[in-house]
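1. show me the folded form of this:
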Amino acid sequence: MRKTGKIINCYICGKKFYRAGYWLRRRRIAHLCSRECVAKFNSENRKGKISPFRRPILEIKKCKNCENTIEIRDTNSLRNKKFCSVSCKNTWLNKNLKRNYPRGKDAYWWRGGKTALDKAIRTCKKYKNWRSGVYSRDNFTCVLCGKKGRLQADHYPDSLRDLIRIWKIKNLDNALSCSELWDIKLGRTLCKNCHKKTDTYGLKYIWKLRKAPASD
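-> Below you'll find the predicted structure:
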């Protein structure tokens, strides 16, 4: 195998050693022979001082937002730099590329509000607060198997869809005003595996309703 590296001198101790080619191309500490020399270099040159391996300045520009000076160096990430910071970039984008898209019923892709009610409830802020309260009460532990991690909050003994049907909830506003829906006592903490075994998980609830006898 052809060697692509070369013998160089350590920047700290002056020791001659062989360094592979990919190290010379990709690593800034390629001219340091050992961990001790790396630690010494970091302690001496990277505390409020400019590193000797820093790329030279090619051009000095002004930030498009605050007009502060920007040093353009010979690196792929800094050659096309236009802003001095991320906050300046976001501020400039909000001012100049602001797009006021219509929302709700005025949106172009509005289809009559087809989002499922249970999905709208699970994505609202009040449901997240209820879920956090259930987790805290159960000490972030599955009540069936005692495991921690990959937890999910489950309405029990009546599922969320059962509560929607029992209390005749038609929209999200009705759900937010229904106190029984947000009672922590009607919830439990389950891990994902235990939740899958319940009769109300996913499509099991739909098959359960189909198999149930029709009420007169």
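2. buried sites along stretch 20-40?
-> 30-33, 37 (16 or more other Cβ atoms under 10 Å). Glycine gets a C-beta too; all of them are placed from N, C-alpha and C.
3. next SSE downstream of the helix ranked longest in the chain?
-> The residue-count maximum for a helix in the chain (DSSP state H) belongs to helix 125-137. Using DSSP states H and E, the helix or strand that directly follows helix 125-137 along the chain is strand 151-155.
4. what pairs with that next one, parallel or antiparallel?
-> Applying DSSP bridges to the sheet, strand 151-155 is found paired with strand 187-191 (antiparallel).
5. what's in contact with the strand it pairs with?
-> 130-131, 133-135, 137-138, 140-145, 147, 149-156, 198 (Cβ atoms under 8 Å, 6 or more residues apart in numbering).
6. out of those, which end up buried?
-> 130-131, 134-135, 138, 142-143, 151-156, 198.
7. for the residues you listed, which one is nearest residue 92?
-> Residue 92 lies nearest to residue 131 out of these, by Cβ to Cβ, at 37.8 Å.
8. who's in contact with stretch 158-177?
-> 117-118, 120-122, 124, 126, 155, 178, 180-181, 186, 200, 205.
9. same list (those residues) but as a markdown table, adding pLDDT, secondary structure and distance to residue 80.
-> Output for these, formatted as a markdown table (pLDDT from 0 to 100; DSSP: H, G, I helix; E, B strand; the rest coil; distance: Cβ to Cβ, whole Å):
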| residue | pLDDT | secondary structure | distance to residue 80 |
| --- | --- | --- | --- |
| 117 | 87 | helix | 47 |
| 118 | 86 | helix | 47 |
| 120 | 88 | helix | 42 |
| 121 | 91 | helix | 45 |
| 122 | 91 | helix | 42 |
| 124 | 90 | coil | 41 |
| 126 | 93 | helix | 45 |
| 155 | 91 | strand | 52 |
| 178 | 92 | coil | 54 |
| 180 | 90 | helix | 57 |
| 181 | 91 | helix | 52 |
| 186 | 92 | helix | 56 |
| 200 | 83 | coil | 54 |
| 205 | 69 | helix | 53 |
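10. show me which of those are buried.
-> Buried members of these, scored by 16+ other Cβ under 10 Å, are 117-118, 121, 155, 178, 181, 186, 200, 205.
11. quick check on residue 192: phi, psi?
-> When read as degrees, to the nearest 10, the backbone of residue 192 gives phi -70, psi -40.
12. does it touch residue 154 like I think?
-> No. With contact defined as Cβ atoms under 8 Å, residue 192 does not reach residue 154; the gap is 10.8 Å.
13. ok but residue 72 is inside a helix, no?
-> No. Residue 72 sits outside any helix when classified using DSSP: H, G, I helix; E, B strand; the rest coil, being strand.
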